[in-house]
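Enquirer: sequence-free structure coming up:
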């Protein structure tokens, strides 16, 4: 599979989600979580775009339940 990175912006979630995201970040080397104490809403998209190193960007919100098979 091609190399990829996953950037996750945590918009001030609670402690349980923070612990979960830290576990994911430790488990997968290509995942980076940015923890924001303040919820900045959709402004996080532009911040993530600035941080991304890849040529292509895919943004997802937390209400995405399922993508079609082989969508990427």
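Expert: That came through, no problem. Everything numeric in this text was worked out from a predicted model, so none of it was measured.

Enquirer: from here on, contacts and neighbour counts on C-alpha atoms
Expert: Noted.

Enquirer: can you list contacts of stretch 20-28?
Expert: Outside of stretch 20-28, the residues within contact range by C-alpha atoms under 8 Å, 6 or more residues apart in numbering are 31-33.

Enquirer: report the buried members of those residues.
Expert: 31-32 (16 or more other C-alpha atoms under 10 Å).

Enquirer: and residue 19, how far from residue 6?
Expert: 17 Å (C-alpha to C-alpha, to the nearest Å).

Enquirer: when those two are compared, which one has more neighbours?
Expert: residue 6 (15 against 11; other C-alpha atoms under 10 Å).

Enquirer: show me the contacts for the closest residue in space to the more buried one that isn't next to it in sequence.
Expert: Of all residues not flanking residue 6 in the chain, residue 31 sits nearest, at 4.7 Å (C-alpha to C-alpha, 6 or more residues apart in numbering). Shown in contact with residue 31 (C-alpha under 8 Å, 6+ apart): 5-8, 24-25.

Enquirer: again, only using 7 Å
Expert: 5-7, 25 (C-alpha atoms under 7 Å, 6 or more residues apart in numbering).
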